[in-house]
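Undergrad: Model the structure of this input:
(chains A and B)
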Number of protein chains: 2
Amino acid sequence: MSHTVEILSVGTELLLGNIANTDAQMLSQGLSELGLNVFWHTVVGDNLQRAQEAVALAKQRADIIITTGGLGPTCDDLTKNVLAQAFGKKLVFDEDSAQRIRSYFARTKRPMTDNNLQQAMLPEGCTVLVNDWGTAPGCAFEADGVHVIMLPGPPSECRPMFQYRARPYLLSLSEGVIASHTIKLFGIGESSMEAQLRDQMNAMTNPTLAPYAKEGECELRVTAKAADDGEAQALLRPTVAQVKELFGDKVYGVDVPSLEYVVIQGLKEKGLTLGTAESCTGGLIAKRLTDVPGASQVFKGGIVSYTNEIKENVLRVPEHLLDQFGAVSREVAAAMAEGARQLLGCDIALSSTGVAGPGQDDWENEVGTMFVAIATPESTYVRALNLGNRPMRERLRTQTASHAFDLVRRYLSGLDFGN
Amino acid sequence: MSHTVEILSVGTELLLGNIANTDAQMLSQGLSELGLNVFWHTVVGDNLQRAQEAVALAKQRADIIITTGGLGPTCDDLTKNVLAQAFGKKLVFDEDSAQRIRSYFARTKRPMTDNNLQQAMLPEGCTVLVNDWGTAPGCAFEADGVHVIMLPGPPSECRPMFQYRARPYLLSLSEGVIASHTIKLFGIGESSMEAQLRDQMNAMTNPTLAPYAKEGECELRVTAKAADDGEAQALLRPTVAQVKELFGDKVYGVDVPSLEYVVIQGLKEKGLTLGTAESCTGGLIAKRLTDVPGASQVFKGGIVSYTNEIKENVLRVPEHLLDQFGAVSREVAAAMAEGARQLLGCDIALSSTGVAGPGQDDWENEVGTMFVAIATPESTYVRALNLGNRPMRERLRTQTASHAFDLVRRYLSGLDFGN
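TA: Modelled structure (predicted):
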């Protein structure tokens, strides 16, 4: 049978705009992957009457209600009380949950006030969803033909609680298993990717293929439903292979978190070290590399040379190149990468120089003119970018850094550097 | 009279989790500042029946309905059709809007298909909200005692359309003007800030005081309503002064975008230059400084010394300090800052070293143990941080960078470095 889901979020902070409802997004993505249809998102504040009305409505129109927020002591456990009442359930004290709350406070060395134990009051007969990421346990029950799942509001709790607690519960409702793979691409626009796949995507039912775009990167999620994981994987395999073939070396990985992650892993595998020399990206390349846990095994360090003085004195970029071509040039990009490779004593060095805006530089280069270079034991290669001149400093810098990573992963995979 | 608002977003992409509902957050913030009470967020997909049901419900419970999305040709202008029908209004062709749509396509050199002109069909008698940021015009009307405002969905259109089109319309509903100031704080926890202000905040009606927290920083927004701006500012002044007095040097600015912005501005005013030497933050300090347009006037550059080798060979940190105290130590933090100041030839240098996780370092320092140092012409100061051991690498690094900025702004303001 086809389920319809309502996500009901309780929290005045959402209605005041203090935070965006990222829980609803995360849940919607996860639920879609399970083949469940999310038809409504509703947000109400910490207000008894409006919460009651929202629950009554959800009960009438959805057969799965997933709530976020309103479970902690600061809101008097509003959500739990309202849901229990709407489905005619008593709240009973759960000693296991109480014990976990006590030890959470002991572990984090914070004083526990009595109202925290209220969180151990749960609807009778429910499945307790143990919260290893905070204090408020979640819960799930079925009543009046509706499945109710309550999750805590803070995204750092809601995300793992969905992934490790609610998702298995929901899987048990559907027959069979859901499996998916995410194919990551760089160097192709979202619209171009969609245009090449649209007919195919629309025609597919199992597996399905869904595109996502962010910050100049694209991904395709392939999802299959089958009786068991082996069968699901068998369904997924040909589609993954087909997409990889279609997009060739634009595909930088399957089920990998990011381009920088692929770079760090590749360097580890080959036993090579990396260094950076950044101008326009101003530290972003190094920052993203060191976002990857364990980067220190292969990333030695970098120079942010935001002035010509540092390019000359620290990176040893020849003065005549700066005079002749300007800091934003193919020649200086190459010299920066080579200088960093020398100074930092690393196998590979990356550099960036360009105009991130808001204004042109002294040489009248347009905003969006960027060069990224890679210096390797064999040679130095420079990629010239023209990222357009819309005033999006942050985005220009992010894309420039991604292009630098693309050079490394191409070098490590023995691909040409072609744009 | 007190208005109640429902924000109704139409878009299947929200229910699939492709994007978060940032429009609803942005609108909620803006509406709260206007003194309007947002009681509901509702999201439905591009589905006629569910859109009709949602509108019928909103009409019944709210007296201001603001919609986002569902205005463009890809969804057959769903929102406009449903709202017009629910309020008994015909859609009529608006020649001015049609002209703007034609010239938008001419200006952006894209081909215009006929269905784009559908966007010029608007509810009879409405106020057209001219869209200078995209093709679909918004509109506003009052009927059956309810104010309806329709805005386009893409955040890059929705935000300016609210700011420059819907906000003035809503202001005309309320008498007088709204003005606000944002006071930014660093070095105080949200709960501590709230505890000191809670009674006062609850007692205030005009101006109002609202706290926001993000990434280890806090802000307080003071908002006043009055007949004109002069009167509003007069209402705001004593509260701003009082908050500044209460939190003293924890306040780093009023109506400023960020700590790094304050640092860059302060350096410009004093004619001083800055450099960085980063270990645990891995480029984040430099990245955040260079997020500020115009940073190149005062930020010379930095070193990311992710290995001891770079600390020794580039930053000239004495080997015996690394051997005796380890890289994560007060002594090495100081030597890094001093080394960077020397190497980069800048007036002030910042450094960071610490354990961002996920694991302890070789010296068994716990995750969250961090040192930030500032080297100035007069002296070097090291701040030791213990940021807790929860596995939040990104957050630890962000907070460490903020502490480094805090040292600079304290130095520039002649304050002591006290934590």
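
Undergrad: Next to chain B in this structure, residues from the stretch 251-400 of chain A, please.
TA: Counting by Cβ under 8 Å from any Cβ of the partner chain, the residues of the stretch 251-400 of chain A lying close to chain B are A:276, A:278, A:281-287, A:289-291, A:293, A:295-296, A:299-307, A:309-310, A:313-314, A:343-345, A:356-358, A:393-394. The C-beta positions use only the backbone N, C-alpha and C, and glycine is treated the same way.

Undergrad: Show me the strands in the stretch 251-400 of chain A, by range?
TA: A:251-254, A:274-278, A:299-305, A:348-354, A:369-375, A:380-386 (DSSP state E, counting those that start in this stretch).

Undergrad: could I get those as JSON lines with mean pLDDT and mean neighbour count?
TA: Below are these laid out as JSON lines (pLDDT from 0 to 100; neighbours: other Cβ atoms under 10 Å in any protein chain shown):
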{"stretch": "strand A:251-254", "mean pLDDT": "97", "mean neighbour count": "20"}
{"stretch": "strand A:274-278", "mean pLDDT": "98", "mean neighbour count": "32"}
{"stretch": "strand A:299-305", "mean pLDDT": "97", "mean neighbour count": "31"}
{"stretch": "strand A:348-354", "mean pLDDT": "97", "mean neighbour count": "30"}
{"stretch": "strand A:369-375", "mean pLDDT": "97", "mean neighbour count": "26"}
{"stretch": "strand A:380-386", "mean pLDDT": "95", "mean neighbour count": "17"}
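
Undergrad: Let me have those in TSV, adding distance to residue B:253 as columns.
TA: Below are the strands of the stretch 251-400 of chain A laid out as TSV (distance: least, Cβ to Cβ, whole Å):
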stretch	distance to residue B:253
strand A:251-254	41
strand A:274-278	28
strand A:299-305	25
strand A:348-354	30
strand A:369-375	32
strand A:380-386	35
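
Undergrad: Could you point out which of those strands sits nearest residue B:17?
TA: Nearest to residue B:17 among those is strand A:251-254; the distance by Cβ to Cβ comes to 20.6 Å.

Undergrad: could I get the closest one in CSV with only the CA atoms?
TA: Provided in CSV are the C-alpha atoms of strand A:251-254 (Å, rounded to 0.1, in the frame of the first residue of the first chain):
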residue,chain,number,x,y,z
VAL,A,251,32.2,11.2,-12.3
TYR,A,252,34.6,11.6,-9.3
GLY,A,253,33.1,9.0,-7.0
VAL,A,254,30.2,6.9,-5.8
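
Undergrad: Check the offset of it from the chain's centre.
TA: Using Cα atoms, centre = their mean, to the nearest Å, the mean C-alpha position of strand A:251-254 is found 16 Å from that of the whole chain.

Undergrad: so what does it touch, helix or strand wise?
TA: Counting contacts by 3 or more Cβ pairs under 8 Å, 6 or more residues apart in numbering or on different chains; DSSP states H and E, strand A:251-254 packs against strand A:177-186, helix A:229-247, helix A:259-270.

Undergrad: Which of these comes out lowest on mean pLDDT?
TA: Ranked by mean pLDDT, the helices and strands packed on strand A:251-254 end with strand A:177-186 at the bottom, a mean of 89.

Undergrad: how about the helix or strand that that strand is followed by: buried residues?
TA: Using DSSP states H and E, the helix or strand that directly follows strand A:177-186 along the chain is helix A:190-203. For helix A:190-203, a neighbour-count test (16 or more other Cβ atoms under 10 Å in any protein chain shown) marks A:190, A:193, A:197 as buried.

Undergrad: Nearest residue to the last one in space, ignoring adjacent ones along the chain?
TA: Spelled out, it's residue A:197. Leaving aside its chain neighbours, residue A:197 sits nearest to residue A:209 (6.6 Å; criterion: Cβ to Cβ, 6 or more residues apart in numbering or on different chains).

Undergrad: Next, the one you found: secondary structure please.
TA: strand (DSSP: H, G, I helix; E, B strand; the rest coil).

Undergrad: Please give the number of neighbouring residues around it.
TA: For residue A:209, the count of nearby residues is 19 (other Cβ atoms under 10 Å in any protein chain shown).

Undergrad: Now do the contacts for the closest residue to residue A:180 other than its chain neighbours.
TA: Nearest residue to residue A:180, sequence neighbours excluded (Cβ to Cβ, 6+ apart): residue A:223, at 4.0 Å. Applying Cβ atoms under 8 Å, 6 or more residues apart in numbering or on different chains, we find residue A:223 in contact with A:33, A:35, A:178, A:179, A:180, A:207, A:208, A:210.

Undergrad: per-residue confidence for the residue nearest in space to the middle of chain A?
TA: Compute the mean C-alpha point of chain A, and by Cα atoms, centre = their mean the closest residue is residue A:257, 7.5 Å away. On the pLDDT scale, residue A:257 is placed at 92.

Undergrad: Quick check: phi and psi at it.
TA: Note on residue A:257: backbone dihedrals following degrees, to the nearest 10 are phi -70, psi -40.

Undergrad: for residue A:365, same thing?
TA: Per degrees, to the nearest 10, the backbone of residue A:365 is at phi -70, psi 140.

Undergrad: residues touching residue A:416, list them.
TA: So residue A:416 contacts residue A:410 (Cβ under 8 Å, 6+ apart).

Undergrad: pretty sure it belongs to a helix, no?
TA: No: read with three-state DSSP, residue A:416 is coil and lies in no helix.

Undergrad: mind checking how far it is from chain B?
TA: Between residue A:416 and chain B the distance, using Cβ to the nearest Cβ, to the nearest Å, works out to 28 Å.

Undergrad: For the residue of the stretch 101-250 of chain A found nearest chain B, which three-state class applies?
TA: Using Cβ to the nearest Cβ, the closest approach of the stretch 101-250 of chain A to chain B is made by residue A:212 at 6.5 Å. With three-state DSSP as the basis, residue A:212 sits in strand.

Undergrad: in which helix or strand would I find the closest residue to it other than its chain neighbours?
TA: Leaving aside its chain neighbours, residue A:212 sits nearest to residue A:219 (4.9 Å; criterion: Cβ to Cβ, 6+ apart). Per DSSP H and E, residue A:219 falls inside strand A:217-226.

Undergrad: got the CA positions of that strand in PDB?
TA: C-alpha atoms of strand A:217-226 as PDB (Å, rounded to 0.1, in the frame of the first residue of the first chain):
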ATOM      1  CA  GLU A 217      28.700  20.100  -8.200                       C
ATOM      2  CA  CYS A 218      26.100  17.600  -9.200                       C
ATOM      3  CA  GLU A 219      25.000  14.300  -7.800                       C
ATOM      4  CA  LEU A 220      22.600  11.500  -9.000                       C
ATOM      5  CA  ARG A 221      21.000   9.300  -6.500                       C
ATOM      6  CA  VAL A 222      20.000   5.800  -7.700                       C
ATOM      7  CA  THR A 223      17.500   4.100  -5.400                       C
ATOM      8  CA  ALA A 224      16.000   0.600  -5.700                       C
ATOM      9  CA  LYS A 225      13.500  -1.400  -3.800                       C
ATOM     10  CA  ALA A 226      13.600  -5.100  -3.600                       C
END
